[in-house]
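**Q** predicted coordinates and the sequence they were generated for:
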Amino acid sequence: MTILQETPVVTRIIGEPRLLSGLDTGRADLQRHLWTHGAQPQLTREAYTELAEAVGLRGRGGAAFPVSLKLADLPANGTEAVVVNGSESEPVSRKDRLLLTLAPHLVLDGAVGIAHGVGASTVIVAVHDAAAAASVRAAISERPDIIDIQVSDTPGRFVAGEARAVLSVLEGGPAVPPGRRVLPTRKGYRRRPTFLSNVETFAQLALLARLGSRQFGTTGLSSEPGTQLLTVDGAVQRPGVIETPTGIPLDTVLQFTGADAGPVLLGGYHGRWLPQTEGVNLSRPDASAGIVLALGSDTCPLGEVHQVAKWLASQSAGQCGPCVFGLAGLVDDFGRILRGDPTGWEDAHRHLGLVPGRGACAHPDGSARFLASALEVFGDDLRQHLETGGCGRVVRGVLPVPGGSW
């Protein structure tokens, strides 16, 4: 286990370093990047597809879609662009902006390699973090690529990180997902076929191209080998971004970071609460967002959830009833639960049955999943609030919310 030099986000490694290799003294410029990883081979789309299929590589954003299927869905000719989605707007996550800030060349290698393979003439890195954007721009100036690489600044709103919202911004539109659900591989940037994935996915592709499937598969799960980045936060002594083998036991990660006993949120604010951690291994799709958040035991769980619910409602794209009215109704429901009003519990269950599957984007579905799992896991706290009007604990703000009062 190696602890790297502290950066604005502390990075640590369990097992073999790959994505974080060579970053012990900070950001890797092109020379140090090549010294660490070697030259990037130029592969065909068919070769990338075979490699991704051989190791079961899935996207390292929220959807965990198989990369080989995404590549196979592109037309033989006419791919417009490769888009790196670095609009990491989940308040807890830090892994993608860390890669863009410390290892930009690894990400660009993956994107440029795919662009060569699919015949795209443009790579666009969409990012909302200023430091990450500056790092990528500096990296571009160091590289001899003949492919056009652009950096596009995006808003930091939660829904702005969704793939279709990113494409809308790149075309000068609003930072919200359109109602139509069309895959970028069919109609993406400029309404043309586009390969779009998140930052870590491209870094993994750069490693896979260099290592090959056999060496890539020497660590992690046999079904999807390799390593993964996890953002660990909340009631932990050593928060930060950790690189681990895929399939690592959750309890190992919690012990390594010094997490307090208590509930754990997996997958961020569109994720789910776990009733217990024993026997839980971190692999896709459950760990696709790469977020582990320990709540601890000295804060009010339902109060924490209520604060996040208010923030999630404020992040609505404002284009459908389940998001605009459904999330606002759930905020009110949870507020009444906190005050001990049983009608809040009844209405929350009713609203949670009406929201999923009816929105214009995934935001209401993910928010409902987060809230529904809270009602299931925090049953004892729920009963205390309904019976006595509280659980006796204050809300400490363990769950970070942008613009919060703590």
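**A** Perfect, thanks for sending it.
**Q** tell me the SS of the residue nearest the centre of the chain?
**A** With distances taken as C-alpha atoms, centre = their mean, Ala289 lies nearest the centre of the chain, 3.5 Å away. Secondary structure, DSSP: H, G, I helix; E, B strand; the rest coil: Ala289 is coil.
**Q** buried residues in stretch 311-324?
**A** For stretch 311-324, a neighbour-count test (16 or more other C-beta atoms under 10 Å) marks Trp311, Leu312, Ala313, Gln315, Ser316, Ala317, Gln319, Cys320, Pro322, Cys323, Val324 as buried. Backbone N, C-alpha and C define where each C-beta goes, glycine included.
**Q** and the fourth one, how close does it get to Gly56?
**A** As defined by C-beta to C-beta, to the nearest Å, Gln315 lies at a distance of 32 Å from Gly56.
**Q** next one: stretch 36-47 to chain centre, how far?
**A** Between the centre of stretch 36-47 and the centre of its chain there are 25 Å (C-alpha atoms, centre = their mean, to the nearest Å).
**Q** er, stretch 227-245 actually
**A** For stretch 227-245, the distance to the chain centre is 13 Å (C-alpha atoms, centre = their mean).
**Q** what's the average pLDDT for it?
**A** When pLDDT is averaged along stretch 227-245, the result is 95.
**Q** next: stretch 118-128.
**A** For stretch 118-128, mean pLDDT rounds to 96.
**Q** by contact count, what packs against the helix or strand where Ala328 lies?
**A** Using DSSP states H and E, Ala328 sits within helix 327-338. Counting contacts by 3 or more C-beta pairs under 8 Å, 6 or more residues apart in numbering; DSSP states H and E, helix 327-338 is packed against helix 301-314, helix 342-354, helix 363-377, helix 379-388.
**Q** which one of those helices lies nearest to Val176?
**A** Among the helices and strands packed on helix 327-338, the nearest to Val176 by C-beta to C-beta is helix 363-377 (9.5 Å).
**Q** which other helices and strands does the closest one contact?
**A** In terms of contacts (3+ C-beta pairs under 8 Å, 6+ apart), helix 363-377 is packed against strand 272-274, helix 301-314, helix 327-338, helix 342-354.
**Q** could I get those as TSV with mean pLDDT?
**A** What follows is the helices and strands packed on helix 363-377, written out as TSV (pLDDT from 0 to 100):
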stretch	mean pLDDT
strand 272-274	94
helix 301-314	96
helix 327-338	95
helix 342-354	93
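**Q** which parts of the stretch 151-300 of the chain are strands?
**A** Remark: strands assigned in the stretch 151-300 of the chain by DSSP state E, counting those that start in this stretch are 194-198, 227-234, 240-245, 248-249, 264-266, 272-274, 281-282, 291-294.
**Q** nearest to Gly366, out of those?
**A** Smallest distance to Gly366 across the strands of the stretch 151-300 of the chain (C-beta to C-beta): 9.8 Å, for strand 272-274.
**Q** direction included, what does the closest one pair against?
**A** Sheet pairing for strand 272-274, assigned by DSSP bridges, gives strand 264-266 (antiparallel).
**Q** could you list the residues in contact with the strand it pairs with?
**A** Residues from elsewhere that reach strand 264-266 (C-beta atoms under 8 Å, 6 or more residues apart in numbering): 234, 250, 254, 271-274, 277, 280, 282, 286-287, 291-295, 370, 399.
**Q** what about that strand, average pLDDT?
**A** For strand 264-266, mean pLDDT is 95.
**Q** chain center to it: distance?
**A** Taking C-alpha atoms, centre = their mean, one finds strand 264-266 lying 14 Å from the centre of the chain it belongs to.
**Q** kindly report the same for stretch 240-259.
**A** That offset, for stretch 240-259, works out to 16 Å (C-alpha atoms, centre = their mean).
**Q** start to end distance for that stretch?
**A** Across stretch 240-259, the terminal residues are separated by 12 Å (C-alpha to C-alpha, to the nearest Å).
**Q** in that stretch, which residues are buried?
**A** Using 16+ other C-beta under 10 Å as the test for burial, stretch 240-259 gives 240-248, 250-251, 253-254, 256-257, 259.
**Q** just those now: which is nearest Glu346?
**A** Closest to Glu346, out of all of the buried residues of stretch 240-259 and judged by C-beta to C-beta, is Leu250, at 33.1 Å.
**Q** next, find the distance separating the closest residue to the closest one other than its chain neighbours from Gly267.
**A** Leaving aside its chain neighbours, Leu250 sits nearest to Val280 (4.3 Å; criterion: C-beta to C-beta, 6 or more residues apart in numbering). Relative to Gly267, Val280 is positioned 12 Å away (C-beta to C-beta).
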